[in-house]
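>>> dropping the sequence and predicted coords here.
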Amino acid sequence: MTPHRAYWDEPKETRTRAAREDEVLALLQAQLHRVYDEVPFYREHYDAHGFHPDQVHTLEDFTRLVPVITKSMLRADQAANPPFGSYLGVLESKIARIHGSSGTTGAPTLYGISHRDWEHVADVMAQGFYTAGIRPDDKVQLSTVFGMFIGGWGSLLGCERIGATTFPIGAGETERQLELMYRVGSTVLICTPTYALHMLERARSLGYDTAASPLRLGIFIGEPGAAIPGTREVLEKGWGMTVRDLATTSEMTPFATNAECQEGRGVHVLQDQVWTEIVDKADTHVGAPEGTSGGVVYTHLHRESQPMIRFASGDESHMTYEPCPCGRTYPRLPNGVYGRLDDMLIIRGANVYPSQVQRSLLTVPGTGVEFVIVLDRPDTMDRATVRVEYDPTLEPSDLDAFKRELTEAVQARLKNDTNISFAVEVLKPETLERSMSKAKRVDDRRPAMVAR
């Protein structure tokens, strides 16, 4: 590739922590006063908690005093104040784009994004994707869901701002995706890790030499996975590419404010765009010590339309300020966003995350990448079953013996890693339903009163 500059914005990306945090504090104070004065949702919320923006003099004050908001609060406010809620923050005439959540559990949450904010999204997404390794001479295949989901559109915007050639094919029609990937010579793939794994399986079954694909880089959004070592290894070896992670949530668009650099040591947190806190899992007003796992709380510093101020995302991660060899001085989430606090399963009194099960499965030779955890309660005790496909590249001569051995190996690994005895069903490849976006990894059939 043609040599390019190392940074999108070198002075911003390499300045001292103190200089950055001085700016962040000023931006937080300005944002708090604006939403208190102009956004009814926040005025009511803060008054109900006895908080006023004048109380924030330090970043520690911000964590200690400002009440969080949650997705359920936003949904309730939009239901009471349709269509955008009382936290829109701008006149409806200033809205450039309307996007939203999938609405799989009810009415979708609508995102109204102003013209000014949409321009800002392009700049920040470009910085995030440039950090991850996209350059102007790349051909970027966007195999993401387009429509209400904002992730695909934001990705397209950022790649265009960099100057890369974009191929926004969308998700689905996997055979056509593969045929065109090789014909066009796509060098970068952007999608969910689940869909990249599905594409890999399908490509192999069709006879493609996937390790010699034209892809040099995969950037994965929408769900945890790219930060899981086993998943990353399967994708990198399978496609012959480098894998990089991006991680936030659609409410916090521009979502590329957590982006992994070429060193591959976790995602850099662009703190001068979205202020990101790691807080105690039980108390959002207590910051978690550096290196300690906790809940992720996000705050927009620049967004005027639907600004999120201390949005408790439900994500789990930990942060470090250890210097990165790339020279960027942003803190990092060394393992990305590796789970969700509300995804934690309680099985016979023990805490288990689906991502933990995924990591374990990928260490067992012979397993494929698709699995689902099935939970039920046939009598008085929870029963946990992992249904996992075996590696589609294998052709065992004695299938029954192979399944027995693989079942025993998976059971032993899961027992060792989770301290829970799982039943295991080994399935043929292509048995489980594939997803074009986020994978459903848990089928919880237990009565609601004991499900969590």
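Done, it's in. Numbers count the residues shown, from 1 in each chain.
>>> how about the longest helix along the chain: buried residues?
Across the chain, the helix with the greatest residue count (assigned by DSSP state H) is helix 17-38. Buried residues in helix 17-38, counted by 16 or more other C-beta atoms under 10 Å: Arg20, Val24, Leu25, Leu27, Leu28, Gln29, Gln31, Leu32, Arg34, Val35, Tyr36. Just so you know, the C-beta spots here come from the backbone N, C-alpha and C atoms, and that holds for glycine as well.
>>> packing partners of that helix?
Helix 17-38 sits against helix 40-48, helix 59-65, strand 274-280, strand 294-300, with contacts defined as 3 or more C-beta pairs under 8 Å, 6 or more residues apart in numbering; DSSP states H and E.
>>> and these as TSV, adding mean pLDDT and distance to Thr320?
Formatted as TSV, the helices and strands packed on helix 17-38 follow (pLDDT from 0 to 100; distance: least, C-beta to C-beta, whole Å):
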stretch	mean pLDDT	distance to Thr320
helix 40-48	98	31
helix 59-65	98	17
strand 274-280	98	10
strand 294-300	97	13
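>>> right, so of the ones you listed, which gets closest to Arg204?
strand 294-300 (35.4 Å; C-beta to C-beta).
>>> what helices or strands is the next helix or strand after the closest one leaning on?
On the C-terminal side of strand 294-300, the closest following helix or strand by DSSP states H and E is strand 311-317. Applying 3+ C-beta pairs under 8 Å, 6+ apart, one finds that strand 311-317 contacts strand 294-300, strand 339-340.
>>> for the stretch 101-250 of the chain, what are the low-confidence residue spans?
102-106 (pLDDT under 70).
>>> what about the longest strand in the protein?
strand 367-376 (DSSP state E).
>>> ok, that one: who's next to it in the sheet?
Strand 367-376 sits in its sheet next to strand 383-390 (antiparallel), strand 442-444 (parallel), going by DSSP bridges.
>>> per-residue confidence averaged over that strand?
Strand 367-376 shows an average pLDDT of 92 in the prediction.
>>> contacts for it?
Applying C-beta atoms under 8 Å, 6 or more residues apart in numbering, the set of residues contacting strand 367-376 from outside is 197, 200-201, 231, 234, 345, 347, 354, 357-358, 361-362, 382-392, 406, 410, 429, 431-432, 434, 439-446, 451.
>>> try it again with 7 Å
Here strand 367-376 makes contact (C-beta atoms under 7 Å, 6 or more residues apart in numbering) with 197, 234, 347, 354, 357, 361, 382-392, 406, 410, 429, 432, 441-446.
>>> ok, of those residues, which come out buried?
197, 234, 347, 354, 357, 361, 382-384, 386-392, 406, 410, 429, 432, 441, 444, 446.
>>> confirm Ala409 sits in a helix?
Yes - counting by DSSP: H, G, I helix; E, B strand; the rest coil, Ala409 is part of a helix.
>>> which residues touch the closest residue in space to it that isn't next to it in sequence?
Spatial nearest neighbour of Ala409, chain neighbours left out: Val364 (5.2 Å); criterion: C-beta to C-beta, 6 or more residues apart in numbering. Counting by C-beta under 7 Å, 6+ apart, Val364 touches Ala409, Val410, Arg413.
>>> and those residues, which is closest to Glu260?
Taking these together and measuring to Glu260 by C-beta to C-beta, the closest member is Arg413, at 27.4 Å.
>>> quick check, the closest one in a strand?
No - Arg413 sits outside any strand when classified using three-state DSSP, being helix.
>>> burial check on it, number of neighbours?
20 (other C-beta atoms under 10 Å).
>>> surely it touches Pro365?
No - Arg413 lies out of contact with Pro365 (C-beta atoms under 7 Å); the separation is 10.5 Å.
>>> got a list of contacts for the longest helix of the chain?
Counting by C-beta under 7 Å, 6+ apart, 42-43, 46, 53, 56, 59, 62, 89, 271-272, 275, 299, 301, 307, 309, 321, 329 sit against helix 17-38.
>>> returning to what we had before: would you mind finding the most buried of the helices and strands packed on helix 17-38?
For the helices and strands packed on helix 17-38, the largest average neighbour count (mean count of other C-beta atoms under 10 Å) is found in strand 294-300, namely a mean of 25.
>>> now the helices for this structure?
10-14, 17-38, 40-48, 59-65, 71-80, 115-132, 150-162, 174-184, 193-205, 229-239, 354-361, 399-418.
>>> next one: phi and psi at Leu91?
When read as degrees, to the nearest 10, the backbone of Leu91 gives phi -70, psi 150.
>>> measure it to Met319 for me?
37 Å (C-beta to C-beta, to the nearest Å).
>>> now do Gly100
30 Å.
>>> try Leu206
Taking C-beta to C-beta, one finds Leu206 at 42 Å from Met319.
>>> ok, the two, which is more surrounded?
For Leu206 and Met319, the more surrounded residue by other C-beta under 10 Å is Met319, and the numbers stand at 24 against 12.
>>> that one against Pro331, yeah?
Yes - if you go by C-beta under 7 Å, Met319 and Pro331 touch, sitting 5.2 Å apart.
>>> now for these two: what residues contact both?
Val269.
>>> may I have the phi/psi pair for the nearest residue to His268 once chain neighbours are set aside?
Spatial nearest neighbour of His268, excluding adjacent residues (C-beta to C-beta, 6+ apart): Tyr330 at 4.2 Å. Per-residue torsions, Tyr330: phi -70, psi 150 (degrees, to the nearest 10).
>>> what's near enough to touch Thr284?
Val68, Gly295, Val297, Ala312.
>>> redo that, cut-off 6 Å
Val68, Ala312 (C-beta atoms under 6 Å, 6 or more residues apart in numbering).
>>> check Asp342 too.
Here Asp342 is in contact with Gly314 (criterion: C-beta under 6 Å, 6+ apart).
>>> partners of the spatially closest residue to Val286 that is not a sequence neighbour in the sheet?
Closest residue to Val286 in three dimensions, ignoring its sequence neighbours and counting by C-beta to C-beta, 6+ apart: Asp280, at 4.1 Å. For Asp280, the beta-bridge partners under DSSP bridges are Asp283.
>>> now do the contacts for Asp280.
Contacts of Asp280 by C-beta under 6 Å, 6+ apart are Val286, Ala288, Gly294.
>>> mind running it again at 8 Å?
By C-beta under 8 Å, 6+ apart, the neighbours of Asp280 are Val286, Gly287, Ala288, Gly294, Gly295.
>>> need those in JSON lines (columns: distance to Val243).
Conversion of the contacts of Asp280 to JSON lines gives the following (distance: C-beta to C-beta, whole Å):
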{"residue": "Val286", "distance to Val243": "34"}
{"residue": "Gly287", "distance to Val243": "30"}
{"residue": "Ala288", "distance to Val243": "27"}
{"residue": "Gly294", "distance to Val243": "25"}
{"residue": "Gly295", "distance to Val243": "26"}
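>>> I'm done for today, thanks for sticking with me.
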